[in-house]
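Asker: My questions concern the predicted model and sequence given below.
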Amino acid sequence: MTGKPALSSHHFFDPQLLPLLDALPTVWLDIVSLAELRSNEARMLLPVEPKSVDPARIGVMGESAGGGLVAVLALPAPDRGAPALRFQLLTYPMLDDRTCIAPEHPFAGDFVWAPLNSHFGWQTLLGAEPGCPHVSPYVAVACAHCLSGLPQTYIATGALDFFVDENLEFARRLLAAGVPVDLNPYPGAFHGFDLMPAADISRRALADRLAALRRFIEV
């Protein structure tokens with residue numbers, strides 16, 4: 001839809017296997033291929049000539065837990081020797097383990113993805129209770145103390161999505177750090193609302209995301 005090359009990375013571990021593994025490296029196994037794309041050698045993986053891939057114009061996109069993973073990838077990592085990302089486009093991203101132990105939201109989290117789901121996911125990943133001290137920002141990006149220097153960001157979320165508060169707070173912190181943010185909280189939308197593509201709100205959300213993507217890659 002944009003005429004630009006893209007690479008999709010998929011989760012490949014059943015979360016119930018994570019207690020048998022070391023959680024943090026497992027998370028990085030899910031996104032290491034994207035991180036490596038920011039090096040000259042790994043751009044050979046793309047179905048285009050390497051010289052046609054501009055390392056200064058690489059961005060990331062992700063939804064839900066995938067949004068949390070790519071938000072981690074956007075954190076500065078000078079030890080990887082990779083250029084900074086141009087943008088991150090996040091759709092109802094899962095960013096903060098503490099949300100599932102926060103006081104219950106009066107409206108959000110009743111549909112599709114509930115606090116119990118989030119608690120199980122974070123507990124499985126962390127190997128400890130959500131909200132435990134010293135959670136690495138490379139697991140839960142909301143734990144990062146500083147967000148300055150992150151790429152321009154688009155965030156779409158639903159007003160009834162369990163992640164709405166953490167998404168709004170992440171946007172607020174990015175703005176406070178001087179990061180350009182385009183925030184779209186859709187009224188009446190729950191987690192995964194856009195999986196019903198015929199709905200008017202889903203069509204509008206898709207159009208908004210594509211418009212943001214075009215802005216990011218064409219500027």
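Answerer: Now that the structure is in, tell me what you want to look at.

Asker: and Thr157, what pLDDT?
Answerer: Here, the pLDDT recorded for Thr157 equals 96.

Asker: Can you get me a residue count around Cys132?
Answerer: Cys132 has 14 neighbours, counted by other Cβ atoms under 10 Å. Yep, even glycine has a C-beta here, placed from its N, CA and C like the rest.

Asker: Grab the nearest non-local neighbour of it.
Answerer: Using Cβ to Cβ, 6 or more residues apart in numbering and skipping the chain neighbours, the partner closest in space to Cys132 is Leu126 (6.6 Å).

Asker: Roughly how far does the nearest residue to Ala199 once chain neighbours are set aside sit from Tyr186?
Answerer: Distances taken as Cβ to Cβ, 6+ apart place Phe193 nearest to Ala199, at 7.2 Å, with adjacent residues excluded. According to Cβ to Cβ, to the nearest Å, Phe193 and Tyr186 sit 7 Å apart.

Asker: Need the residues touching each of those two.
Answerer: 158, 201, 205 (Cβ atoms under 8 Å, 6 or more residues apart in numbering).

Asker: mind listing which of those residues are in strands?
Answerer: Per DSSP state E, strands hold the following members of those: Gly158.

Asker: what residue ranges in the chain score low on pLDDT?
Answerer: Counting by pLDDT under 70, the chain shows low-confidence ranges at 1-53, 77-83, 109, 219.

Asker: Mind doing that once more with 90?
Answerer: Applying pLDDT under 90 to the chain picks out residues 1-60, 66, 69-70, 72-86, 100-116, 124-127, 134, 136, 138-139, 213-219.

Asker: Report how far apart the opening and closing residues of stretch 157-169 are.
Answerer: 12 Å (Cα to Cα, to the nearest Å).

Asker: ok, and what's touching that stretch?
Answerer: For stretch 157-169, contacts defined as Cβ under 8 Å, 6+ apart pick out 64, 90-96, 99, 102, 105, 107-111, 113-115, 117-118, 142, 155, 183-191, 193.
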